[in-house]
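Participant: Model the structure of this input:
(chains A and B)
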Protein chains: 2
Amino acid sequence: MTVRLEGKPVAERIDEATRKALASVPAGAAPPCLASVHRGVDSPFRYYLKRQAKAAAVLGITFRDQPLRPGDGPKELVDRLAVLDRDPNVHAVLLEHPLPLPFDFYRAVATLRPAKDVDGVGTANLGRLVAQAPVQVPAVALAAVEIARYYRLPMEGERVVVLGRSETVGLPLALLLAGKGIGLNATVTVVHSKTHDLKGALANARTIFSCMGRPGMLTRELVPEEAFVVDVGVATVPDPARPGNSKTTGDADLASLDGWAAGVTPVPGGVGPVTVAKLMSNTLEAYRLLHAEEGH
Amino acid sequence: MTVRLEGKPVAERIDEATRKALASVPAGAAPPCLASVHRGVDSPFRYYLKRQAKAAAVLGITFRDQPLRPGDGPKELVDRLAVLDRDPNVHAVLLEHPLPLPFDFYRAVATLRPAKDVDGVGTANLGRLVAQAPVQVPAVALAAVEIARYYRLPMEGERVVVLGRSETVGLPLALLLAGKGIGLNATVTVVHSKTHDLKGALANARTIFSCMGRPGMLTRELVPEEAFVVDVGVATVPDPARPGNSKTTGDADLASLDGWAAGVTPVPGGVGPVTVAKLMSNTLEAYRLLHAEEGH
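Facilitator: Here you go, the predicted structure:
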């Protein structure tokens, strides 16, 4: 039987810890504040944005929606981030990504001090992740690892595959999995679009983290029997059950993997809710780091 | 027959390009200058230091030997690096690593601006390597890739293994191999001391980059037949041919791999001389970047 590895209990456990920590914020003090900067246009980020706002409201974290104005370009984006970086009432800043040209995501996010770069995607944080001493780590990478830990999936010393090598998801996740200090000591293979023998690269993998955004690519022809799949992929496809509507789906072909894989995280309902919970706990971490800096 | 993949022709080709570029430095202008900071005690770094000085002298690069004074601690190290970072006549700074406690290597190297961090080991450079836009990349990682390129070893899309996950060698090399933009598009597996099934992790690898420093660990029992080995490991062992003396050796057991592996880089004489050549070309790159900043 293939176990459905739900994100909900994992997210709840993270939220519980966040709530507990928030309870120690002194009465009268401003609560942690997360600002989310985005183009204000229809994009996959907009769906994530709604969930950020909701999770923050439930936990008692202040949420500032920060859409750019129509016509704003790279300079206005940097200016906006600089204002938020200076603002003592803002502790964590998230920047929509990927951003299309002419925006320069890395240049923009470099405006933020590492603690405020809540998603750990700036090069200062990525470099510290390589050196095993990160300030902030991408929430999605933390979420994928947290869900794998919760269900005790094979990682330590075991063959683990990361599908995808983006700078904001696949590579940070691979570094987290392969690392010693803060890492998981897994034997990690990074597989990507240029990999010649995909099936060979997945052979003997115990746990597969898929971050491709290619709906249904993981079938029993590729995934080894009894492997676990943590599905980080998100794509929007037409919904056959509701003609004219679309639905969110992952990289795993659930029908094909059923009765074959040991366990699969669903999309939606797997890594997604855990990512939102981790973003909130990263916000709390930013709040703590900034207060520690000020000597509060 | 197992091919001996000598470093010499690769180093010569790099040196030739460096010499050509140096010829365009205007007469009268100060040549590029590399400063090498170290504890001034007996260590594996001391051997590397001598080769840096010699290579610089041959090419016409100024070399500044910068031993710390006896009793110098972390603060004096940071002060020394800060002085070198400000010095307009110094373009590139190398810091001995690993450094024992109480020294904090990452804190110290963060004193250098990314262009001057000639070995690309500071977190600013490592983060930019993850984001596929590095300023400087560790010379040893560049050397391992350069030697593999020169001999056209299988990399693009192929199964490649990196043995070792240090922040200064194994991980930067893995990022370089796995990357798209500046990378090699290889399907990279990072294997380390906690890997349970070493033989399984190496199975089907076409090219193996070994950075373990464990003499003779790579035998035909581990290495797949017809694989290539780029031996980045360096260790000092007693020399049986000269009792009482020691010699430098790599991770590959040459006797075991002979007639089995497709090719192996020797130690000494493989990655080592290419690393020195790459350190010199990184120094030239630092010189260029700093002059470009100043608008020269």
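
Participant: drop to CA atoms for contacts and neighbour counts, all remaining ones
Facilitator: Will do.

Participant: Now for the closest residue to chain B within the stretch 101-250 of chain A: which residues touch it?
Facilitator: Residue of the stretch 101-250 of chain A nearest chain B, by C-alpha to the nearest C-alpha: A:Gly127 (3.4 Å). Contacts for A:Gly127 (C-alpha atoms under 8 Å, 6 or more residues apart in numbering or on different chains) come out as A:Pro134, B:Gly122, B:Thr123, B:Ala124, B:Asn125, B:Leu126, B:Gly127, B:Arg128, B:Leu129, B:Val130.

Participant: what's the angle from the helix or strand where it lies to helix B:123-130?
Facilitator: If you go by DSSP states H and E, A:Gly127 is part of helix A:123-130. Using axes from the mean of the first three to the mean of the last three C-alpha atoms, to 10 degrees, the inter-axis angle of helix A:123-130 relative to helix B:123-130 is 90 degrees.

Participant: Next secondary structure element downstream of helix A:123-130?
Facilitator: Where DSSP H and E defines the elements, the next helix or strand beyond helix A:123-130 is helix A:139-150.

Participant: Tell me the helix or strand right after that next one.
Facilitator: In N-to-C order, the element after helix A:139-150 by DSSP H and E is strand A:159-163.

Participant: Point out the other elements, helices or strands, that that following strand touches.
Facilitator: With contacts defined as 3 or more C-alpha pairs under 8 Å, 6 or more residues apart in numbering or on different chains; DSSP states H and E, strand A:159-163 has these neighbours: helix A:170-178, strand A:187-191, strand A:207-210.

Participant: Buried deepest among those, which one?
Facilitator: Mean neighbours per residue, mean count of other C-alpha atoms under 10 Å in any protein chain shown, is largest over those for strand A:187-191, with a mean of 29.

Participant: So is that one next to chain B?
Facilitator: Yes. Contact between strand A:187-191 and chain B, assessed by C-alpha under 8 Å from any C-alpha of the partner chain, occurs at A:Thr187, A:Val188, A:Thr189, A:Val190, A:Val191.

Participant: residues in contact with the closest residue in space to A:Ser246 that isn't next to it in sequence?
Facilitator: Leaving aside its chain neighbours, A:Ser246 sits nearest to A:Pro238 (4.1 Å; criterion: C-alpha to C-alpha, 6 or more residues apart in numbering or on different chains). Neighbouring residues of A:Pro238 by C-alpha under 8 Å, 6+ apart: A:Gly244, A:Asn245, A:Ser246, A:Lys247.

Participant: Arrange those in a markdown table, one row each, with secondary structure and neighbour count as further columns.
Facilitator: A markdown table is the format used below for the contacts of A:Pro238 (DSSP: H, G, I helix; E, B strand; the rest coil; neighbours: other C-alpha atoms under 10 Å in any protein chain shown):
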| residue | secondary structure | neighbour count |
| --- | --- | --- |
| A:Gly244 | coil | 8 |
| A:Asn245 | coil | 10 |
| A:Ser246 | strand | 13 |
| A:Lys247 | strand | 14 |
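
Participant: Confidence-wise, which of the contacts of A:Gly127 comes last?
Facilitator: On pLDDT alone, A:Pro134 ranks lowest of the contacts of A:Gly127, at 88.

Participant: isn't it right next to A:Gly122, touching?
Facilitator: No. A:Pro134 lies out of contact with A:Gly122 (C-alpha atoms under 8 Å); the separation is 11.1 Å.

Participant: More neighbours: the two, which one.
Facilitator: Legend: neighbour count by other C-alpha atoms under 10 Å in any protein chain shown for A:Pro134 and A:Gly122, higher for A:Gly122 (29 against 18).

Participant: Let's have the helices and strands packed on strand A:159-163 in a markdown table, adding mean pLDDT.
Facilitator: As requested, these are exported to a markdown table (pLDDT from 0 to 100):
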| stretch | mean pLDDT |
| --- | --- |
| helix A:170-178 | 97 |
| strand A:187-191 | 98 |
| strand A:207-210 | 98 |
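
Participant: which stretch among the ones you listed comes nearest A:Val145?
Facilitator: helix A:170-178 (7.6 Å; C-alpha to C-alpha).

Participant: any idea how far that closest one is from the chain center?
Facilitator: 12 Å (C-alpha atoms, centre = their mean, to the nearest Å).

Participant: Determine the set of other helices and strands touching that helix.
Facilitator: helix A:123-130, helix A:139-150, strand A:159-163, strand A:187-191.

Participant: Reformat those as JSON lines; add distance to B:Val78.
Facilitator: Shown next, in JSON lines, are the helices and strands packed on helix A:170-178 (distance: least, C-alpha to C-alpha, whole Å):
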{"stretch": "helix A:123-130", "distance to B:Val78": "19"}
{"stretch": "helix A:139-150", "distance to B:Val78": "33"}
{"stretch": "strand A:159-163", "distance to B:Val78": "38"}
{"stretch": "strand A:187-191", "distance to B:Val78": "35"}
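
Participant: quick one, strands of chain A?
Facilitator: Along chain A, counting by DSSP state E, strands occupy A:3-4, A:33-38, A:62-67, A:92-95, A:159-163, A:187-191, A:207-210, A:228-231, A:235-238, A:246-249, A:263-264.

Participant: Distance from the chain centre to the fifth one, please.
Facilitator: Shown here is strand A:159-163, whose average C-alpha point lies 17 Å from the average C-alpha point of the whole chain (C-alpha atoms, centre = their mean).

Participant: Would you mind pulling the contact partners of that strand?
Facilitator: By C-alpha under 8 Å, 6+ apart, strand A:159-163 touches A:170, A:173-174, A:186-192, A:202, A:204-212, B:201.

Participant: relative to strand A:187-191, how tilted is it?
Facilitator: Using the same axes, to 10 degrees: strand A:159-163 against strand A:187-191 is 30 degrees.

Participant: in its sheet, what does strand A:159-163 sit against?
Facilitator: Strand pairing for strand A:159-163, using DSSP bridges, gives strand A:187-191 (parallel), strand A:207-210 (parallel).

Participant: would you put the C-alpha positions of the first one in PDB?
Facilitator: Presented in PDB, the C-alpha positions along strand A:187-191 are these (Å, rounded to 0.1, in the frame of the first residue of the first chain):
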ATOM      1  CA  THR A 187      24.000  10.700  -0.300                       C
ATOM      2  CA  VAL A 188      22.400  13.200  -2.700                       C
ATOM      3  CA  THR A 189      22.200  13.000  -6.500                       C
ATOM      4  CA  VAL A 190      21.000  16.100  -8.300                       C
ATOM      5  CA  VAL A 191      19.100  15.200 -11.500                       C
END
